[in-house]
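Novice: Turn this into a structure:
(chains A and B)
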Amino acid sequence: MSALQLLIGVILPPITVAVLVAGLIARLRKWSRAPVGKITLYPSAKTGSEVWSHTAKEVFLFRSLWSGDRPLWVGAWIFHASLALIFVGHFRVVTDFPRLWAAFGMGSQDVDVMSAAVGGAVGVVILAIGLYLLVRRFTSRSARDASKTEDYVALVLLLAVIITGDAMRFLTHFDLAEVRAYFQGLFTLNLQVLPQSNLFWVHFLLVQILFMYIPFGKLLHLPGVLFSHPLLRRD
Amino acid sequence: MLTKEVRQQVIDDVVGINKGPRALMLYMDICARCGTCEKVCHVAQANPARRTNPAVRSDHLRAIYKRYGTLSGRLLGQLVGADNHRFTDDVLDQWERDFYECSGCRRCAQFCPVGIDNSIITRKGRAILHKLGRSPKYIAKTQQISDETGNDEGQSYKAFMEAVRFLQEEMKEMTGHDIPIPVDKKGAEILFVPASADLVSFPDTQIGSSMFFYVAGMDWTMSSEAFDGANFGLFSGDDAHMKRKNKLIHDAMAKLGCKKLVIGECGHAYRIAKRMAPGFWGKLPYEVTNILEMAADFVNSGKANLDKSKVDFSVTYHDPCNMARSLGVVEEPREILRHCVKDFREMTPKGTENWCCGGGGGLAVMDGREGVDLLDGTFLDYRMKVGGEMKWKQVAATKAHYLAAPCSNCKRQLSQLMEHHKSDIEVGGVMDLFAKALVW
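Specialist: Next up is the predicted model:
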């Protein structure tokens, strides 16, 4: 085990989790405790369920953006949906769900084939859309004028994660079993296997930086929309 | 010159967002700077410049908040949106210009994917300016006049009673009926509070409202102590003024023993009476409604004797931002118009997605040079060439002869806008047309 592997693979992960969780909890607590004024914007939501259905439309369908900027909606929606898919897909890197697959009548190998196809496709799509969003920050006046350092930082960081992820899938042989064994060792505090791929370590480091960044910068819009949209529409 | 003390006060005020309200706090944290607000803002569309981008304007506060109000901002600086803010000597001049170019119309909030309402940030910026005595003089003067006389027009009791008498005579001449405008009538069910500008500048709206109460057989009164619902505290960010001014109405309701407060054709007055007043006084012991909602009920009931052919010109309707976006009064005025007008035309977009007239947020009273460096012009120039540009285009496209806008600020802005474009489109209220269509 090299010093870098020790740092990225053993020391950093608990710090990452602590920063992400504590940072988010601190932020959510601050928001929740703040006094609320009445700022209803119409069309408003009269009942609790209306508030949540409205918020769900915003969170899952980007309803406001659909009417506000259609081309951006296409990019932004695909980007976020891909991120969500990729996030869910990564559960399999950590562990497997043989009983879930069995319920669908699939074996682990079928799932490997499926995730290679879907994951591969999403990996390409999100790279393309991510680059589009970056280019847009320079070419679209509305975005260019508004953009600040943190906007580029967040996007470049995400792109770096995406590119290293794609590279692992497409450019090198990637040993899933090895990585899964590593994570299980990490969780059970019984580390036996370390992935050999250098790309993996770069990717894993970038992901941890990204996670630690979430509670502090603009990526707070991720939990923030769950607060801001109800606040605006509650009547 | 920006002194150290002023700089510190600005920082303290911005950092104070840490105490809430929740909306402002969220808006400091969650903007993704996607640029959507710029695409839907009437100011940015008419004058594309970096500073007119709502996200850029809001970053005036955001950058300071992040830099001085959060640990992460102090440690990570630009990585989390905390600029090394340069407090140049002219920074407050920029604020004064930028926060008063925004009319607080909330159109951006309608389209923002992360749910940010930039008008709340604008109002906070204005509040900081106001505390420093940096409100534009028209805004400050209007507040001062209002504090001294109880109304924004500076009318005395005598002038008010004179206006009431004059309007009663007018109505007698028009209809042959003795239509009263009751004043300080104790025990009346309804207290009617328009914007005082209606009595002076837009008397036809006051006439229409009075006729409505008369034909609908309502028991109503006005108050000689609270006949102005307009309230510049909303615009200047001065909460204390907003409360003081609203107290006049709140007290008049108690003094006269009225059960229902009916606000006239004034968007922000209705918003304050309905939305803000409970924040000042707790649950209100009276109902708050609006002349348009009442009149819509009346025309829908079929009891109104209206003749559409008496209004023989085409009419379009401008949704005042406060009426539509902040209060949801969208259908009611249209229902009235459909009963009173033969040729009613919608403009696009409309309702809660309307374009601001360009006079919102108190801008309509600002005429002079202060607060802009645009086109080397006056604020009036700005309102005509930039603020009102999107509105002008959509109004002109309807080819209507009459533009109904139930809000005194909109009316002033739109009248000036029509004049600026040498258009003969008449600007007036909704109740004006109700009066015209009434059959006696």
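Novice: Contacts only, for the residue nearest to residue B:412 when sequence neighbours are not counted.
Specialist: Distances taken as CB to CB, 6 or more residues apart in numbering or on different chains put residue B:364 closest to residue B:412, at 4.6 Å, once the chain neighbours are dropped. C-beta: built from backbone N, CA, C; applies to glycine. By CB atoms under 8 Å, 6 or more residues apart in numbering or on different chains, the contact list for residue B:364 reads B:357, B:383, B:408, B:409, B:410, B:412, B:413.
Novice: Could you confirm residue B:221 falls within a strand?
Specialist: Yes. Under DSSP: H, G, I helix; E, B strand; the rest coil, residue B:221 falls within a strand.
Novice: was I right about it contacting residue B:191?
Specialist: Yes. Counting by CB atoms under 8 Å, residue B:221 does reach residue B:191; the two are 6.1 Å apart.
Novice: Name the residue in these two with the higher neighbour count.
Specialist: residue B:191 (26 against 22; other CB atoms under 10 Å in any protein chain shown).
Novice: Show the pLDDT at that one.
Specialist: We have a pLDDT of 98 for residue B:191.
Novice: That one against residue B:224, yeah?
Specialist: No. Using CB under 8 Å, residue B:191 is not in contact with residue B:224, being 11.6 Å away.
Novice: Now for residue B:274, how many residues are close by?
Specialist: Residue B:274: 19 neighbours (other CB under 10 Å).
Novice: Please list all residues in contact with residue B:360.
Specialist: Residue B:360 sits next to B:103, B:104, B:105, B:320, B:321, B:322, B:409, B:410 when contact means CB under 8 Å, 6+ apart.
Novice: what do you get for residue B:35?
Specialist: So residue B:35 contacts A:69, A:72, A:140, A:141, A:142, A:143, A:144, A:145, A:146, B:53, B:55 (CB under 8 Å, 6+ apart).
Novice: run the last query once more with 7 Å
Specialist: A:140, A:142, A:143, A:146, B:55 (CB atoms under 7 Å, 6 or more residues apart in numbering or on different chains).
Novice: Leaving out the residues flanking it, which one is nearest to it?
Specialist: Residue B:35 sits nearest to residue A:142 (CB to CB, 6+ apart), 3.1 Å away.
Novice: List just the nearest of the contacts of residue B:35 to residue B:282.
Specialist: Distance to residue B:282 across those (CB to CB) is lowest for residue B:55, with 36.5 Å.
Novice: Give me the distance between the closest one and residue B:271.
Specialist: 25 Å (CB to CB, to the nearest Å).
Novice: who has more neighbours, the two?
Specialist: Counted by other CB under 10 Å, residue B:55 and residue B:271 do not tie: residue B:55 has more neighbours, with 29 against 23.
Novice: tell me the phi and psi of the more buried one?
Specialist: Per-residue torsions, residue B:55: phi -70, psi -40 (degrees, to the nearest 10).
Novice: Tell me, what's the model's pLDDT at the nearest residue to it once chain neighbours are set aside?
Specialist: Spatial nearest neighbour of residue B:55, excluding adjacent residues (CB to CB, 6+ apart): residue A:146 at 3.9 Å. On the pLDDT scale, residue A:146 is placed at 96.
Novice: And the residue nearest to residue B:35, how close does it get to residue A:84?
Specialist: 26 Å.
Novice: Neighbour count: the two, which is higher?
Specialist: Set residue A:142 next to residue A:84 and count neighbours by other CB under 10 Å: residue A:142 wins out with 25 against 12.
Novice: by contact count, what packs against the helix or strand containing the more buried one?
Specialist: When elements are assigned from DSSP states H and E, residue A:142 belongs to helix A:141-146. If contacts are counted by 3 or more CB pairs under 7 Å, 6 or more residues apart in numbering or on different chains; DSSP states H and E, helix A:141-146 sits against helix A:108-139, helix B:36-40, helix B:54-69.
Novice: could you pull out the helices for the stretch 51-200 of chain B?
Specialist: Counting by DSSP state H, counting those that start in this stretch, the stretch 51-200 of chain B has helices at residues B:54-69, B:71-76, B:91-99, B:107-111, B:118-131, B:137-149, B:157-175, B:197-200.
Novice: Could you save those as a markdown table and add columns showing mean pLDDT?
Specialist: As requested, those are exported to a markdown table (pLDDT from 0 to 100):
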| stretch | mean pLDDT |
| --- | --- |
| helix B:54-69 | 95 |
| helix B:71-76 | 92 |
| helix B:91-99 | 92 |
| helix B:107-111 | 98 |
| helix B:118-131 | 98 |
| helix B:137-149 | 95 |
| helix B:157-175 | 96 |
| helix B:197-200 | 86 |
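Novice: What residue in chain B is the furthest from its centre?
Specialist: For chain B, the largest distance from the centre (CA atoms, centre = their mean) belongs to residue B:75, which lies 41.0 Å off.
Novice: Now do that one against chain A, distance only.
Specialist: Counting by CB to the nearest CB, to the nearest Å, the separation of residue B:75 from chain A is 9 Å.
Novice: center of chain A, which residue is that?
Specialist: Short answer for chain A (CA atoms, centre = their mean): residue A:83, at 4.9 Å.
Novice: could you check the distance from that residue over to chain B?
Specialist: 13 Å.
Novice: if I look at that residue, how far off is residue A:214?
Specialist: Where residue A:214 is concerned, residue A:83 sits at a distance of 12 Å (CB to CB).
Novice: and stretch B:268-277, how far apart are its ends?
Specialist: Stretch B:268-277 has an end-to-end distance of 12 Å (CA to CA, to the nearest Å).
Novice: residues in contact with it?
Specialist: So stretch B:268-277 is contacted by A:38, B:193, B:195, B:229-231, B:234, B:242, B:246, B:249-250, B:261, B:263, B:284, B:288, B:290, B:322, B:326-327 (CB under 7 Å, 6+ apart).
Novice: hmm, which of those are the buried ones?
Specialist: B:193, B:195, B:229-231, B:234, B:242, B:246, B:249-250, B:261, B:263, B:288, B:290, B:322, B:326-327 (16 or more other CB atoms under 10 Å in any protein chain shown).
Novice: Name the residues of the stretch 201-350 of chain B found near chain A, please.
Specialist: B:275, B:324, B:325, B:326, B:327, B:328 (CB under 7 Å from any CB of the partner chain).
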